[in-house]
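Enquirer: Model the following, please.
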Amino acid sequence: MEQSEGRAAMGSGMQWLVAFLLLTVVSAAAGLLSSSHLLSTAQRAADGHPDAPERSAASAYGASVRFRKIAPVITNLAAPSGAWIRMEGSVVTDQLNEEEASILVARIGQDIASYLRTVSATQIEGARGLQYLREDLNERAAIRSGGKVRELIIETLVVQ
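Expert: The predicted model follows:
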């Protein structure tokens, strides 16, 4: 009777080992297939294949756009007292000369700072609050620039 129990325990141990080895082989094969697909897609993109995904963010807007960094904006929030916010971002503009673009970016940065002073931390909390902030800042940037700014991109936003 002890021998039959020992064989049963050994048999179930072998079943676990076979199942483990089978899952390992399947996982390795899936990893190899997905990495080869990823490498072939990257190679097509590097070769300029027409079915390849877009290679740069500028191509989403067209060839005539420029990304311009906004100086980091650091200011206090309306509520709670003692709360500070730091925002870094960029604006997407059409071709502008450097002098006009630097003036425009500085004005937009000042406008962002003055707007953020009126916002409370609870207004920008969560995904919906961030979306509202993004929409408000895009609208203000478009008005401030007279339509020359296509989009304002929030890169980092820290509330402390």
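Enquirer: for stretch 126-142, the distance to its chain's centre please.
Expert: 16 Å (CA atoms, centre = their mean, to the nearest Å).
Enquirer: quick one, what contacts P72?
Expert: If you count contacts by CB atoms under 8 Å, 6 or more residues apart in numbering, P72 has them with R86, M87, E88. Just so you know, the C-beta spots here come from the backbone N, C-alpha and C atoms, and that holds for glycine as well.
Enquirer: Name only those of those residues that count as buried.
Expert: Neighbour counting by 16 or more other CB atoms under 10 Å classes M87, E88 among those as buried.
Enquirer: quick check, nearest of the contacts of P72 to K69?
Expert: The shortest approach to K69 among those belongs to E88, at 7.8 Å (CB to CB).
Enquirer: Just to check, the closest one is in contact with I112?
Expert: No. Judged on CB atoms under 8 Å, E88 makes no contact with I112 at a distance of 10.4 Å.
Enquirer: Mutual contacts of those two, please.
Expert: By CB under 8 Å, 6+ apart, E88 and I112 have these common neighbours: I70, V73.
Enquirer: Quick check: buried residues in stretch 138-147?
Expert: Those would be N138, R140, A141, A142, R144, S145, for stretch 138-147 by 16+ other CB under 10 Å.
Enquirer: No more questions from me, cheers.
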